[in-house]
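S.K.: give me the fold of what follows.
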Amino acid sequence: MKLVITMSRRYGTGASVIAEELSKRLGIPVYDKVNVEQELSRNTYESEVEAIKGLAQKPCIILGRCASEILKDRLNVFNIYVCADKEDRIERIMKKESLTYEEAAQKIDANDRERSRYYHEHTGKAWGDVNNYHMILNTSDLGVENCADILMRYFEQKEYI
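M.R.: The predicted model follows:
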């Protein structure tokens, strides 16, 4: 199966680490906002939709950008949502970006608001609604380091890979 994985995530959950590990194990690229924008002929949402559909012609992992909704009708797409407890996210961002607790908390809140607004504006749906995803991973409970293992076992069991 030509598996395309979409990964929506709250800021500071470690989802990009999970995506990179899956990328190595599956031998497929990861695309994020920067990669998608590089594919744009012009900077509109419609152009972004076309870019995502183009990238999804081959197996890949797409982080964010409403990809779960854009590709929802494709049988080879697996949609994941990654979350974590706010305190864990704050700690992760403090370490990663050398921020104070308050700075990290403000950055997380601002980023989450923007992602929620962007998703709702372009899909009319609530960002993080469990009905929009095949699997929800809570990195506070599961550990970032375990999530790629969990996904690989699931994909093998379902014979996606």
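
S.K.: which ones are touching residue 65?
M.R.: 32, 33, 36, 48, 52 (C-beta atoms under 8 Å, 6 or more residues apart in numbering). Just so you know, the C-beta spots here come from the backbone N, C-alpha and C atoms, and that holds for glycine as well.

S.K.: quick check, pLDDT for it.
M.R.: Model confidence at residue 65, given as pLDDT, is 95.

S.K.: quick one: it and residue 156, what's the gap?
M.R.: According to C-beta to C-beta, to the nearest Å, residue 65 stands 27 Å off from residue 156.

S.K.: is residue 126 in contact with residue 120, as I believe?
M.R.: Yes. With contact defined as C-beta atoms under 8 Å, residue 126 reaches residue 120; the gap is 6.6 Å.

S.K.: what mean pLDDT does stretch 71-81 get?
M.R.: Computed over stretch 71-81, the average pLDDT equals 95.

S.K.: show me what counts as buried in that stretch.
M.R.: By neighbour count on 16 or more other C-beta atoms under 10 Å, the buried set for stretch 71-81 is 71, 77, 78, 79, 80, 81.

S.K.: can you pull out the strands in the protein?
M.R.: 4-9, 30-31, 60-63, 77-83, 135-138 (DSSP state E).

S.K.: quick one: closest of those strands to residue 152.
M.R.: Closest to residue 152 of the strands of the chain is strand 4-9 (C-beta to C-beta; 11.3 Å).

S.K.: can you give me the buried ones in the longest helix anywhere in the chain?
M.R.: Ranked by residue count and defined by DSSP state H, the top helix of the chain is helix 101-123. Buried positions in helix 101-123, judged by neighbour count with 16+ other C-beta under 10 Å: 104, 105, 107, 108, 112, 115, 119, 123.

S.K.: and stretch 13-21, by the same measure?
M.R.: Buried residues in stretch 13-21 (16+ other C-beta under 10 Å): 13, 14, 15, 16, 17, 18, 19, 21.

S.K.: and the first one, what does it touch?
M.R.: It refers to residue 13. 82, 83, 84, 89, 92, 139, 144.

S.K.: mind redoing it with 10 Å?
M.R.: Residue 13 is in contact with 7, 81-85, 88-89, 92, 108, 137-140, 144, 147, counting by C-beta atoms under 10 Å, 6 or more residues apart in numbering.

S.K.: from those residues, list just the buried residues.
M.R.: Of the contacts of residue 13, these count as buried by 16+ other C-beta under 10 Å: 7, 81-84, 88-89, 92, 108, 137, 139, 144, 147.
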